[in-house]
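S.K.: need coordinates for the below:
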Amino acid sequence: MAIAIVLVVLALGSVLFHFLSPWYFTPIASNWGAIDTTIAITFWVTGVVFVAVNLFMAWALVRYRYRREGRAAYEPENKKLEWWLLVLTGGGVAAMLAPGLMVWADVIGVPKDAQVVEVVAQQWSWSYRLPGKDGQLGRVHARLVTDANPFGLDRHDPHGRDDILVAGPELHVPLGQPIKLLLRSKDVLHNFGVAQLRVKMDLVPGQVTYTWFTPTRTGSYDLLCEELCGVGHFAMRGRVVVDEPAVYGEWLGRQTTFTQSADRPAGSVSAGRALYASCAACHGANGEGNVALHAPRLGGQPAWYLARQLQLFKAGARGTHEQDTFGKMMAPMAATLPDDQAMADVAAYIAALPEAPRTATIQGDLDRGRRLYATCAACHGADGRGVAATHAPRLQGMSDWYMARQLKNFRDGVRGGHPQDTHGAQMALIAAMLNDDAAIGDTLAYINSR
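M.R.: Reported below is the predicted structural model:
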């Protein structure tokens, strides 16, 4: 009897939880209401079966409970019951499958006027490519992927010269325009998922998969990788922003084409030498850093990372938090560099500086640090020398006291919270695993030992 009561309570409680629960689908912002309808039908079919089965088991426990005088009747088959079960089960399965098949037919039937956007996934970031004025995307190949050509575009294909490259996790799309997403992965299996748009499709290495949607409401929506793709999977996030057509046009006009990116002049070491004179007062003539002035070592860092940090300081994405005392000191110095070319020149000069001997200031448990660094190594490399493809700077040989301060800033929300600092936001998520100063010290001690 007690088990029968538990089954009844379980069935009724589950139904009540479903209808009264505050956790439900996010409001839809695309044309895929049919997906919600299909899921609702599945809920009703499986819900009715779940309640019926549990109530039947409760009834059977009571009806056929043990009685001293009771005798079991042998009934090996019941054709009437079997036909009822066959018809009801078949009807339930058909009710669940038929709507899904119809929706799938719509998913693979992309409207002819859909705007094409290529989505490129890589551990652990998103980037995008849109056709230029010719309306066609250029050829790409995995063999052509380099640090300077991360999309792997064929430089000899004229259709690719005006392709618009968005080297960041935020994609803008126009309201009311069907969007066809071409999905490509550069390494492992990923998944493009935006809950509000009801979009979810795998990105398979070596293939180009696709899906489509029509945005019906302006707003900014979280993009998540919904396929376990490695230790940094949880930090692989992006945004899909739905704009009014005029606003979208303005955003599109600010983006860089492949030709503009390829023709961008490289940083000049000779021009950077003169610009670095003011930096040397704090960071040293050879970029060796100065702990007394809270200036970290710069020598040994790649030019792409140095230029990115200067751009963040100049744009106000770094050095504006009220608790970032030393970042506030750096921000006005970056503002003295007039444009991106000047930043590239300074970065090129610093990257060309000879590496000065390093001095470790932090000691810790190397074995614990090795275990903690396993997560960091996924982006920064096993030797800590940085990986351009994952946008991860060099750690080995850098100022450990500075890295300790930055890890605390990331962990405490002082750094990485600005919308433009997308890579900083990823780092903030990773730094949260270092829940005390001892963990930070152990990790840096291990990096110092490399």
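
S.K.: need the contact partners of stretch 30-48.
M.R.: 14-15, 18, 25, 28, 92, 95-96, 99-100, 102-103, 106, 196-199, 213-216 (CB atoms under 8 Å, 6 or more residues apart in numbering). Backbone N, C-alpha and C define where each C-beta goes, glycine included.

S.K.: mind giving me the ChimeraX command for buried ones among those?
M.R.: Buried residues within the contacts of stretch 30-48, by 16 or more other CB atoms under 10 Å, are selected in ChimeraX with:
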select :28,92,96,99,103,196,197,198,199,213,214,215
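
S.K.: the contacts of stretch 30-48 in helices, which ones?
M.R.: Ser14, Val15, His18, Gly92, Ala95, Met96, Pro99, Gly100, Met102, Val103, Asp106 (DSSP state H).

S.K.: tell me who's in contact with the first one.
M.R.: In other words, Ser14. Gly47, Phe50, Val51.

S.K.: quick revisit: return the closest of the ones in helices among the contacts of stretch 30-48 with respect to Gly272.
M.R.: Asp106 (55.1 Å; CB to CB).

S.K.: quick check: buried residues in stretch 324-338?
M.R.: Asp324, Gly327, Met330, Ala331, Met333, Ala334, Leu337.

S.K.: which ones are touching the third one?
M.R.: For Met330, the set of contacting residues under the criterion of CB under 8 Å, 6+ apart consists of Phe313, Arg318, Gly319.

S.K.: Thr336 now?
M.R.: By CB under 8 Å, 6+ apart, the contact set of Thr336 is Ser278.

S.K.: I'd like to know how far it sits from Thr37.
M.R.: Remark: distance between Thr336 and Thr37 (CB to CB, to the nearest Å) = 59 Å.

S.K.: hang on, the earlier thing: how about the ones in helices among the contacts of stretch 30-48 in a markdown table, adding distance to Arg71 and pLDDT?
M.R.: Below are the ones in helices among the contacts of stretch 30-48 laid out as a markdown table (distance: CB to CB, whole Å; pLDDT from 0 to 100):
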| residue | distance to Arg71 | pLDDT |
| --- | --- | --- |
| Ser14 | 36 | 87 |
| Val15 | 37 | 86 |
| His18 | 41 | 84 |
| Gly92 | 35 | 84 |
| Ala95 | 40 | 84 |
| Met96 | 41 | 83 |
| Pro99 | 48 | 86 |
| Gly100 | 48 | 85 |
| Met102 | 52 | 88 |
| Val103 | 53 | 89 |
| Asp106 | 58 | 89 |
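
S.K.: mind putting those residues into a markdown table with distance to Gln122?
M.R.: As requested, the ones in helices among the contacts of stretch 30-48 are arranged in a markdown table below (distance: CB to CB, whole Å):
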| residue | distance to Gln122 |
| --- | --- |
| Ser14 | 41 |
| Val15 | 44 |
| His18 | 39 |
| Gly92 | 42 |
| Ala95 | 41 |
| Met96 | 36 |
| Pro99 | 35 |
| Gly100 | 31 |
| Met102 | 35 |
| Val103 | 30 |
| Asp106 | 30 |
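
S.K.: quick check: next helix or strand after the worst-scoring helix or strand of the chain on mean pLDDT?
M.R.: Ranked by mean pLDDT, DSSP states H and E, the weakest helix or strand in the chain is helix 258-263, scoring a mean of 80. For helix 258-263, the following helix or strand on the C-terminal side (DSSP states H and E) is helix 269-275.

S.K.: in helices, which of the buried residues of stretch 324-338 appear?
M.R.: Short answer: the buried residues of stretch 324-338 in helices (DSSP H) are Gly327, Met330, Ala331, Met333, Ala334.

S.K.: I figured the fourth one hits Tyr276, correct?
M.R.: Think Met333. No - taking CB atoms under 8 Å as the definition, Met333 is not a contact partner of Tyr276, at 11.3 Å.

S.K.: which of the three states applies to the residue of the chain most remote from its centre?
M.R.: Most distant residue from the mean C-alpha position of the chain: Glu69, 66.8 Å away (CA atoms, centre = their mean). With DSSP: H, G, I helix; E, B strand; the rest coil as the basis, Glu69 sits in coil.

S.K.: measure it to Ala277 for me?
M.R.: 105 Å.

S.K.: likewise for Asp113?
M.R.: Distance from Asp113 to Ala277, by CB to CB: 56 Å.

S.K.: one more: Tyr402?
M.R.: Applying CB to CB to Tyr402 and Ala277 gives a distance of 22 Å.

S.K.: who has more neighbours out of these two?
M.R.: Tyr402 (17 against 9; other CB atoms under 10 Å).

S.K.: let me know the pLDDT of that one.
M.R.: pLDDT recorded at Tyr402 is 93.

S.K.: which residue ranges of the stretch 201-350 of the chain form strands?
M.R.: 208-213, 219-225, 237-243, 256-257 (DSSP state E, counting those that start in this stretch).

S.K.: send me the third one as PDB with only the CA atoms.
M.R.: What it means is strand 237-243. The C-alpha trace of strand 237-243 is given here as PDB (Å, rounded to 0.1, in the frame of the first residue of the first chain):
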ATOM      1  CA  ARG A 237      30.200  31.700 -25.600                       C
ATOM      2  CA  GLY A 238      29.000  34.300 -28.000                       C
ATOM      3  CA  ARG A 239      26.100  36.600 -28.900                       C
ATOM      4  CA  VAL A 240      23.700  36.900 -31.700                       C
ATOM      5  CA  VAL A 241      22.300  40.400 -31.900                       C
ATOM      6  CA  VAL A 242      19.200  41.100 -33.900                       C
ATOM      7  CA  ASP A 243      19.100  44.700 -35.200                       C
END
